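> heads up, no residue letters with this:
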């Protein structure tokens, strides 16, 4: 039985029961005052007693109950249809979404009520799904392209080497090793990105300031080769999260700040701050002046920015800041990118405080 029929029968049942109650009240409160004996009178007229009234009342009551039943069924069917119309629209939108059409919206009109709120929430869900699917499709296309490139390069080098009798085997091996290393780095970055998005990790207390010092120490040889100075400092910044993922987050930020810096005399400043309700990690580097529209896209997958080229010490695959953003979001945090005055980038990662306290 459909919901409309259930509501219709419910409405009809309420009407019929109410009618029975009303007729019973009339019969009880009126007929009890009429005696069930012959009532004599001086005008020699017929005066009905209780039995006579009951015999006359029952057919009329049955007829009225049938009328009330018809009214309840007809009115209930109409009212139920109007009440369920918004659910029908939401159901059609859900079926279209199941078929892959995420652009359809319910767009329910009328005053704000429970059905309007449900339709608005459903539309909001469809918008988020559409944006998420579009992002995943774009990401899959970019990932396929990025993975195809080193494989195509390897195939081309092998074909050229096979057709070249005087090929330099050592140079070929070195080049294939470099291309294969890039493919492995890209695959590992994709796996890291997927792990952060799934949030499949165990949370434990960790101090971001210690992770920052460890990342700076690990990347110090790279910074020295590029003439970049790293300055690490700040407060003890305790958070709850995955040490491996947070270590990757800081390492990506510091590595990004080193390789996209000035050719000489560059600086990277890493600071941790503890606020009453949040913990902040700030990584700031010198470099070229970045326009606002470019900064807004740096966290998108496979975006390398202007004049960002691969060198021997920069194994970038365009996923560094994208991974940072996903890791921050997996820890209920956020990533804020701001262009520095005079050139360079300011990156701030906000993470929730494990034990929020009162505002200072």
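Received it, and whenever you're ready, just let me know what you need. A quick note: this is a predicted structure, and the numbers were derived from the prediction, not measured.
> now the strands for the chain?
For the chain, the strands defined by DSSP state E occupy 204-207, 228-234, 238-241, 266-274, 278-285, 334-339, 345-352.
> quick one, the last one and strand 266-274 angle?
Yep, that's strand 345-352 we're talking about. Orientation check (axes from the mean of the first three to the mean of the last three Cα atoms, to 10 degrees): strand 345-352 against strand 266-274 gives 20 degrees.
> same thing with the fifth one?
Put simply, strand 278-285 runs at 170 degrees to strand 266-274, going by the same axes, to 10 degrees.
> report all helices and strands that strand 278-285 contacts.
With contacts taken as 3 or more Cβ pairs under 8 Å, 6 or more residues apart in numbering; DSSP states H and E, strand 278-285 sits against helix 208-218, helix 243-259, strand 266-274, strand 345-352. From N, CA and C alone the C-beta is placed, and that goes for glycine too.
> what does the first one rub up against?
In other words, helix 208-218. 230, 232, 234-239, 243, 246-247, 250-251, 254, 270, 272, 279, 281, 351 (Cβ atoms under 8 Å, 6 or more residues apart in numbering).
> wait, which of the helices and strands packed on strand 278-285 is closest to residue 89?
Closest approach to residue 89 among those (Cβ to Cβ): strand 345-352, 38.8 Å.
> partner strands of the closest one, with direction?
strand 278-285 (antiparallel), strand 334-339 (antiparallel) (DSSP bridges).
> how about low-confidence regions in the stretch 201-350 of the chain?
Scanning the stretch 201-350 of the chain for pLDDT under 70 picks out 301-318.
> meant to ask about the stretch 51-200 of the chain
Along the stretch 51-200 of the chain, the parts satisfying pLDDT under 70 run over 138-139, 141-143, 145-146, 149, 186, 189-190, 192-193, 195-200.
> can you give me the helices in it?
Secondary structure of the stretch 51-200 of the chain by DSSP state H, counting those that start in this stretch: the helices cover 114-163, 169-198.
> among those helices, which comes closest to residue 258?
helix 169-198 (16.4 Å).
> quick revisit: as a markdown table, the strands of the chain with distance to residue 22 would be great.
Shown next, in a markdown table, are the strands of the chain (distance: least, Cβ to Cβ, whole Å):
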| stretch | distance to residue 22 |
| --- | --- |
| strand 204-207 | 69 |
| strand 228-234 | 79 |
| strand 238-241 | 65 |
| strand 266-274 | 72 |
| strand 278-285 | 65 |
| strand 334-339 | 64 |
| strand 345-352 | 62 |
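> who wins for proximity to residue 15 among those strands?
Once the strands of the chain are compared by Cβ to Cβ, strand 345-352 is nearest, at 55.7 Å.
> can you list contacts of that closest one?
208, 239, 241, 249, 253, 256-257, 260, 277-285, 287, 290, 295, 298, 321, 324, 328, 331-340.
> thinking again about what came up before, mind putting the helices of the stretch 51-200 of the chain in JSON lines, distance to residue 22 included?
As requested, the helices of the stretch 51-200 of the chain are exported to JSON lines (distance: least, Cβ to Cβ, whole Å):
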{"stretch": "helix 114-163", "distance to residue 22": "31"}
{"stretch": "helix 169-198", "distance to residue 22": "63"}
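> as TSV, those with mean neighbour count and distance to residue 68 would be great.
Listed next are these as TSV, based on neighbours: other Cβ atoms under 10 Å; distance: least, Cβ to Cβ, whole Å:
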stretch	mean neighbour count	distance to residue 68
helix 114-163	13	29
helix 169-198	15	59
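> closest to residue 84 out of these?
Nearest of the helices of the stretch 51-200 of the chain (Cβ to Cβ): helix 114-163, 9.2 Å.
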